[in-house]
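Visitor: from the sequence below, what's the structure:
(chains A, B and C)
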Amino acid sequence: MAWEIKNDRPVYIQLVEELEMRILNGTYTMGTKLLSVRDLASEAQVNPNTMQKALSELEKKGLISSRRTSGNYITDDEKLISDLRTELASFEVGTFCGKIKKLGITKKETIELINKEDF
Amino acid sequence: MLGKLFKTEFKASGRLYLPLFIGVIFFAIVERIMLEILENTDDSLVLNIVFGVITVIFVLIIISVCVSGQFISIYRFYKSVFTDEGYLTNTLPVKSSSIIISKLLVGVLYTVFSYIVLFVSGFIMVAGDLLINALNGLKISYGIENTQISLMDFAISSIVNLRLTLTILAVLIIAVLFFNILVFYVAFAIGNMANRKKVLLSIIIYIAIINVLSFISAGVAVFVDWLSWDNVLRMNVINITLAIILAVIVVIGLVCFFVTNKIIKSKLNLE
Amino acid sequence: MSEILKCTGLTKKYGSLVALNNLDLSVNKGQIIGLLGPNGSGKTTLIKLIAGLLKQNSGELTVNGEKIGINTKKMVSYLPERTYIPDWMRVIDIIKMFENFYEDFNLEKVKTMLDNLGIKFNQRIKAMSKGTKEKLQLILVMSREAQLYLLDEPIAGVDPAARDYILRTIITNYNPEAAVIISTHLIQDIETVLDDVIMIQNGNLKIHKTVDEIREESGKSVDELFREVFRC
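Guide: Have a look, this model is predicted:
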């Protein structure tokens, strides 16, 4: 799985976003052990300290928990994950609706358009 | 660490010397066999030509061994300190003086080895009947007993203390072995400080140093000549001459060593 | 003490040319540092000073609190731009040499890494391609458990696959007790691997910041900033 680090923003923020996405969409399974910092850094070709910083950020959010001896584990708190997913989704929908509104398209038309989309 | 450096250098140099040494011994044996064949067969043009070719090769190898003693040592030093290999050599956790000493010792040792090999090859050539013949020939043509007597006479009359003379001479020979290599080392060290044509410059510097040294030795000769006006000193003139030469060589050798060390330590100019 | 490298007022001249001018610098353990600057900016001079190949004209330079000498050479693992392994050697010869002279050399590490690349112990250096020689040299340097790694232009002139290999090797050998200094003029390829960026120009320190600081402050990648700072 490719890690794409863009040029315009701090690396660690992009890592947080990518890791968060992978946890929320189930790429990293709930309750399982995460790769070591070094392996993750190697996979993403980023600095291990930066990866550690990103993981600490996720820990603050409660998405992963670190057990001192055995490494990092993905949270098994289903509610937290689904809440965050909803939160992220509604944020994206909000942005989307704002743009659609500007085009002068009605809600009904929009839903029809969405129904045509295949995903 | 000096031991490890010595061992490493001993192996690295051995790789270059060994084929030459083996070549000398091999050709000495071949020559000997050829000589035996020639002696026991009728004159044959083919055999004579083969013998001639082998002799030429043999002589060439002998010459290269004579020259290689110092040349290989200098090449090894230059290559591992001043070329790309210098990045490895000069970042080892060792003193720069240890690097110089290890290479110097190995150089002297192989020079001595090469003389031993030459001696052995000479012995192979004339061993057995031939050796006896050769000695007889020497006896007949030069009268070896007479020579010995006259040599003893000479020793007694002109050298006050033969043992002392021989000791100084032995030390001097060893010192010269070190000295010759050190002069090359310092020349290459100085040449390395230039930014272009380092090797050419090093050789020019070497020639310059040698010329300066010949001036110094001329000075020593004049000095000894002046000393020998004194009657007591004249008795000891050989010992004094040798001692002065030895002192000069040791002092200049040490200067070469310290200058080389200083340059490697703080003026290294790797590309 | 978490400081591994410290320069104060470090100055190096070649005749009248000033290669490093009164440089003040400090690097901490656990960091991967990019030493950036255009050609002739003094990057290699700084690295050679730290490796003990050159002596400064003035100023202080210490590794782990010690002045440059035998003790620092034991702690510093240096990858020069040049390939320095004698041609006549086999892989095993140079490995033995490292094992002999460096107490911190990890034989197991070297075996694993050579195995991964399919390099055999009895292979001759002379028969190797330039790329393989460079990889072997990197492996040797990274196989030491050193305190400070100095990598001078490790990714210049290598293909993308080799570059990825080099970066992976650096990351997987990361040790929080050691620091890595990588000099390069190809920033884009390595900037995500770095903690800090040190930019020098004409022997002067221009910038010393973390990659994310630069990105946050300028909204640009280090590479873009570099092009701006050093625009011709």
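
Visitor: check contacts around residue 72.
Guide: Going with chain A. Remark: with contacts taken as C-beta atoms under 8 Å, 6 or more residues apart in numbering or on different chains, A:N72 is in contact with A:K33, A:L34, A:V37, A:L55, A:E59, A:I64, A:S65, A:S66. Backbone N, C-alpha and C define where each C-beta goes, glycine included.

Visitor: meant chain C actually
Guide: Contacts here follow C-beta under 8 Å, 6+ apart; on that basis C:T72 touches C:I50, C:G52, C:T62, C:V63, C:N64, C:E66.

Visitor: and the helices in chain C?
Guide: With helices called from DSSP state H, chain C shows them at C:43-51, C:70-75, C:91-101, C:107-117, C:130-142, C:160-172, C:187-190, C:211-218, C:222-229.

Visitor: actually chain A, sorry about that
Guide: Taking DSSP H as the test, the helices found in chain A are A:11-24, A:37-44, A:48-61, A:78-103, A:107-116.

Visitor: could I get those in CSV, plus columns for mean neighbour count and distance to chain B?
Guide: As requested, the helices of chain A are exported to CSV (neighbours: other C-beta atoms under 10 Å in any protein chain shown; distance: least, C-beta to the nearest C-beta, whole Å):
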stretch, mean neighbour count, distance to chain B
helix A:11-24, 20, 33
helix A:37-44, 20, 28
helix A:48-61, 19, 26
helix A:78-103, 12, 52
helix A:107-116, 10, 64
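
Visitor: pass me the low-pLDDT residue ranges in chain A, would you?
Guide: Low-confidence segments of chain A (pLDDT under 70): A:1.

Visitor: nearest residue to the residue nearest the centre of it other than its sequence neighbours?
Guide: Taking C-alpha atoms, centre = their mean as the criterion, A:M21 is the residue nearest the geometric centre of chain A, at 2.1 Å. Ranked by C-beta to C-beta, 6 or more residues apart in numbering or on different chains and with sequence neighbours excluded, the top spatial neighbour of A:M21 is A:T27, at 7.8 Å.

Visitor: what does that neighbour show for phi and psi?
Guide: Main-chain torsions, A:T27, degrees, to the nearest 10: phi -60, psi -50.

Visitor: just give the number of residues close to it.
Guide: Close neighbours of A:T27, defined as other C-beta atoms under 10 Å in any protein chain shown, add up to 11.

Visitor: how far away is it from chain C?
Guide: In this view, A:T27 and chain C are 20 Å apart by C-beta to the nearest C-beta, to the nearest Å.

Visitor: A:A41 now?
Guide: In terms of C-beta to the nearest C-beta, A:A41 sits 5 Å off from chain C.

Visitor: and C:I207, what does it touch?
Guide: C:V197, C:I198, C:M199, C:I214, C:L225, C:V229.

Visitor: and the fourth one, what is it in contact with?
Guide: Which is C:I214. Contacts for C:I214 were tallied using C-beta under 8 Å, 6+ apart; they are C:V197, C:I207, C:K220, C:S221, C:V222, C:L225.

Visitor: go on, the third one?
Guide: Residues touching C:M199, when contacts are defined by C-beta under 8 Å, 6+ apart, comprise C:L36, C:G37, C:L205, C:K206, C:I207, C:H208, C:F226, C:V229, C:F230.

Visitor: beta-bridge partners for it, please?
Guide: C:M199 forms beta bridges with C:L36, C:I207, as assigned by DSSP bridges.

Visitor: tell me the confidence at it?
Guide: What the model reports for C:M199 is a pLDDT of 91.

Visitor: that older thread, which of the contacts of C:M199 sit farthest apart?
Guide: C:H208 and C:F230 (15.4 Å; C-beta to C-beta).

Visitor: adding distance to B:I240 as columns, could you present the contacts of A:N72 in TSV?
Guide: Putting the contacts of A:N72 into TSV (distance: C-beta to C-beta, whole Å) gives the following:
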residue	distance to B:I240
A:K33	87
A:L34	86
A:V37	77
A:L55	83
A:E59	87
A:I64	89
A:S65	90
A:S66	84
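
Visitor: list just the nearest of those to chain C.
Guide: The shortest distance between chain C and any of the contacts of A:N72, using C-beta to the nearest C-beta, involves A:V37 and amounts to 8.9 Å.

Visitor: residues contacting that closest one?
Guide: Per C-beta under 8 Å, 6+ apart, neighbours of A:V37: A:P48, A:M51, A:Q52, A:L55, A:N72.

Visitor: C:N116 versus the closest residue to the first one other than its chain neighbours, what's the distance?
Guide: The spatial neighbour of A:P48 that comes closest, neighbours along the chain excluded (C-beta to C-beta, 6+ apart), is A:A41 at 4.2 Å. Taken as C-beta to C-beta, to the nearest Å, the spacing of A:A41 relative to C:N116 amounts to 18 Å.

Visitor: go on, B:R76?
Guide: Look at B:R76 and C:N116: by C-beta to C-beta, they are 34 Å apart.

Visitor: of the two, which one has the most company?
Guide: For B:R76 versus C:N116, the count of surrounding residues by other C-beta under 10 Å is larger for B:R76: 20 against 11.

Visitor: nearest residue to that one in space, please, no chain neighbours.
Guide: Spatial nearest neighbour of B:R76, excluding adjacent residues (C-beta to C-beta, 6+ apart): B:S13 at 5.5 Å.

Visitor: what's the answer for A:I5, then?
Guide: With C-beta to C-beta, 6+ apart, the residue lying closest to A:I5 is C:T192, at 5.0 Å.

Visitor: only the buried residues of the helix or strand B:I174 falls within, if you could.
Guide: With elements taken from DSSP states H and E, the one containing B:I174 is helix B:162-192. Of all the residues in helix B:162-192, those buried under the rule 16 or more other C-beta atoms under 10 Å in any protein chain shown are B:165, B:168, B:172, B:175, B:177-192.

Visitor: residues in contact with C:L205?
Guide: Taking C-beta under 8 Å, 6+ apart as the definition of contact, the neighbours of C:L205 are C:L23, C:D24, C:L25, C:I198, C:M199.

Visitor: now the buried members of these.
Guide: Buried residues within these, counting neighbours by 16+ other C-beta under 10 Å: C:L23, C:L25, C:I198, C:M199.

Visitor: okay, the closest residue to the first one other than its chain neighbours and chain B: tell me how far apart.
Guide: So that's C:L23. Residue nearest to C:L23 in three dimensions, not counting chain neighbours: C:L10, with 4.3 Å by C-beta to C-beta, 6+ apart. As defined by C-beta to the nearest C-beta, C:L10 lies at a distance of 15 Å from chain B.

Visitor: pLDDT wise, what is C:L167 at?
Guide: C:L167 is assigned 90 on the pLDDT scale.

Visitor: lovely, talk soon.
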